[in-house]
Every structure is written in structure tokens, then in C-alpha cells.
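Engineer: Next come a sequence and a model predicted from it.
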Amino acid sequence: MKISVVTAVMNGRATLPSCLQSLLVQSHRDIEHVVQDGGSTDGTLAYLRAHGHPQMALLSAPDNGIYDAINNGIKRASGDVIGLLHADDQLAGPTVLAAVVDALSDPDIDGVYGDLQYVARDDETRVIRHWKAGAFAQAKLKRGWMPPHPTLYLRRAVFERWGLYDTSYRISGDYDGMLRFLASGQVRLAYVPHVMVRMKMGGVSNKSFAHMIRKSREDYRAIRHHKIGGMGTLVGKNLSKIVQFGGPRQP
């Protein structure tokens, strides 16, 4: 089973080494690394050409935002299964993609997700937030539940049937996409009860108060668009993060 891992990057030279290393050590070897660069000027391209994955498909071209870049990467992907790995993130261990393949050996499963840890930007060993996702049930969506998007791997057929990410969203295109896949698409997910991805704090959605406000507005728009719920869903989604700061502190 071939897995396409899509990385949309813009000036990610500083964090790419650990990102790439986590991909290079995967025990599952049938991997394609699709890198969509937005025109980096910090040495990202030179680093990728020198140290990138042996099965890397690299393209540098202007884009209209993160979801446009991701969509362009997905369009170039040739794998049976597609997931994302942002330049700031790392796969949490060498068997992460093997676990994805194992779960998707069941033909009744359309996608896989797991747990996620947010780590300090200046110390990858310091866990700030532990997101234990738990098993999926449709009823959870109304309470604001969602799988950690960076851990989500979907069969190619899901994107072909239910579309790519809506580029009119600047921050919450992932949430909109997952609601579309899970609610309208009734996509069947398997849960891997382990940390699959470690993400550095300070991403687009949480780098400032203004971004958090904008994210909440876009989340609410997605909730209403997909008829998942209302303000209670948004409140539940935000409140669910509080307990995650009290989770395990070890990577």
C-alpha cells in the first residue's frame, strides 16, 4: 500500500530536518513524499534537494494560501492513501505509517487517525498539550469533536468523491473538510490509540489572539454550513482543549 505524505512548506528550513528524519525512519517503505513549496527564500529548496526523501516529488510554485498549497500537493500525489505532514511537525515514531497500513488493510475502513501532542517550539521534548482523540462516533461531532487533522490519513477515493479543502477558509479549512468527509461522506474511520504526530506550538491557528478569534468564526461557519450544530458545538469544541493541557507530559 503506497502512502503519499504531503508537505506544504514556505520557508521551513529550520524545522525540516526533524520533519524529514521522522519520515526517513518509517518502517513502512512504500512512501511518496509530495512537497509543495510556496516560493521559499531561506534555503528550504536547497536543503530538500540535498536531504529530501528518496521518493520525493518536489514542486515550488506560488499559491493562494495553505489550503491551496495542500490541494496542489494532493493533486500530484499518486498513493493509495494520502496524509499530511507539516514542516513544523514530526511523525511520533518509526511505526506510525505501518500502523496506518495495518488499519487500512480492512477494506471497510476509509481512513485512520490517532493522538497528537503539541510540543514547545524551543524544546521538542517538552509536551504542552496532549490530544487524546478517542474513538469516533457521529454523535460526537455535534459536541465539537474532531480528529486531530495532522494525524488523519484517508484513502485517495475519499478526496476523489468528497473533494479537496475549501480555499475560502484561511485557518479552518481542515475542520470544514473533516466535517464534510465525516458528516456528508459518512467516512468510516479507525482510531490508532497512540500519539502519531508531534506538532510545535505556534502554528497558524494559535499564534495570536486575533488568529484564534478568526479561527472560531471560521469554525462556526463550517459548523453551520454542514448542519452539525450551533454555538454549543463551537463552545464544546473550544472547551475540549482545556483538559488536553493536563495530559501526559512525556513525548
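Structural biologist: Received, thanks.

Engineer: who touches the residue nearest the centre of the chain in this structure?
Structural biologist: Nearest to the geometric centre of the chain sits P150, at 2.0 Å (Cα atoms, centre = their mean). Contact analysis of P150 by Cβ atoms under 8 Å, 6 or more residues apart in numbering lists 84-86, 89, 116, 196-197, 199. For the C-beta atoms, the positions are set from N, CA and C on the backbone; glycine is no exception.

Engineer: Farthest pair within those residues?
Structural biologist: Greatest spatial distance in the contacts of P150: H86 and M196, 13.1 Å, computed using Cβ to Cβ.

Engineer: before we move on, back to that, can I get the contacts of P150 in JSON lines with distance to A133 and neighbour count?
Structural biologist: Shown next, in JSON lines, are these (distance: Cβ to Cβ, whole Å; neighbours: other Cβ atoms under 10 Å):
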{"residue": "L84", "distance to A133": "16", "neighbour count": "22"}
{"residue": "L85", "distance to A133": "17", "neighbour count": "22"}
{"residue": "H86", "distance to A133": "18", "neighbour count": "22"}
{"residue": "D89", "distance to A133": "16", "neighbour count": "23"}
{"residue": "L116", "distance to A133": "7", "neighbour count": "23"}
{"residue": "M196", "distance to A133": "9", "neighbour count": "27"}
{"residue": "V197", "distance to A133": "11", "neighbour count": "26"}
{"residue": "M199", "distance to A133": "13", "neighbour count": "23"}
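
Engineer: nearest to G173, of these?
Structural biologist: L84 (11.6 Å).

Engineer: Which pLDDT value belongs to the nearest residue to the residue nearest to the centre of the chain once chain neighbours are set aside?
Structural biologist: Nearest non-adjacent residue to P150, counting by Cβ to Cβ, 6 or more residues apart in numbering: V197, 4.5 Å away. At V197, the predicted lDDT confidence score is 97.

Engineer: Now do the SS call for V197.
Structural biologist: strand (DSSP: H, G, I helix; E, B strand; the rest coil).

Engineer: just A87 next, same as before
Structural biologist: When classified by three-state DSSP, A87 comes out as coil.

Engineer: which residues does it contact?
Structural biologist: Applying Cβ under 8 Å, 6+ apart, the residues contacting A87 are 7-9, 12, 15-16, 19.

Engineer: List the residues that contact R221.
Structural biologist: Per Cβ under 8 Å, 6+ apart, neighbours of R221: 169, 172, 176.

Engineer: Export those as a markdown table, with columns for neighbour count and secondary structure.
Structural biologist: Listed next are those as a markdown table, based on neighbours: other Cβ atoms under 10 Å; DSSP: H, G, I helix; E, B strand; the rest coil:
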| residue | neighbour count | secondary structure |
| --- | --- | --- |
| Y169 | 21 | coil |
| S172 | 24 | coil |
| D176 | 21 | helix |
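
Engineer: tell me which of those is nearest to D123?
Structural biologist: S172 (28.4 Å).

Engineer: just checking, the closest one touches A222?
Structural biologist: Yes - S172 is in contact with A222 according to Cβ atoms under 8 Å; the separation is 5.7 Å.

Engineer: Can you name the element that comes right after the lengthiest helix in the chain?
Structural biologist: Ranked by number of residues, the top helix in the chain under DSSP state H is helix 209-225. In the C-terminal direction, the helix or strand that comes right after helix 209-225 (DSSP states H and E) is helix 231-244.

Engineer: where does the stretch 101-250 of the chain have low pLDDT?
Structural biologist: By pLDDT under 70, the weakly predicted segments of the stretch 101-250 of the chain are 203-207, 246-250.

Engineer: now the strands for this structure?
Structural biologist: Assigned by DSSP state E, the strands in the chain fall at 3-9, 31-37, 56-60, 81-84, 89-91, 111-120, 123-131, 153-155, 189-200.

Engineer: quick one: the second one to chain centroid distance?
Structural biologist: In terms of Cα atoms, centre = their mean, to the nearest Å, the centre of strand 31-37 is found 14 Å from the chain centre.
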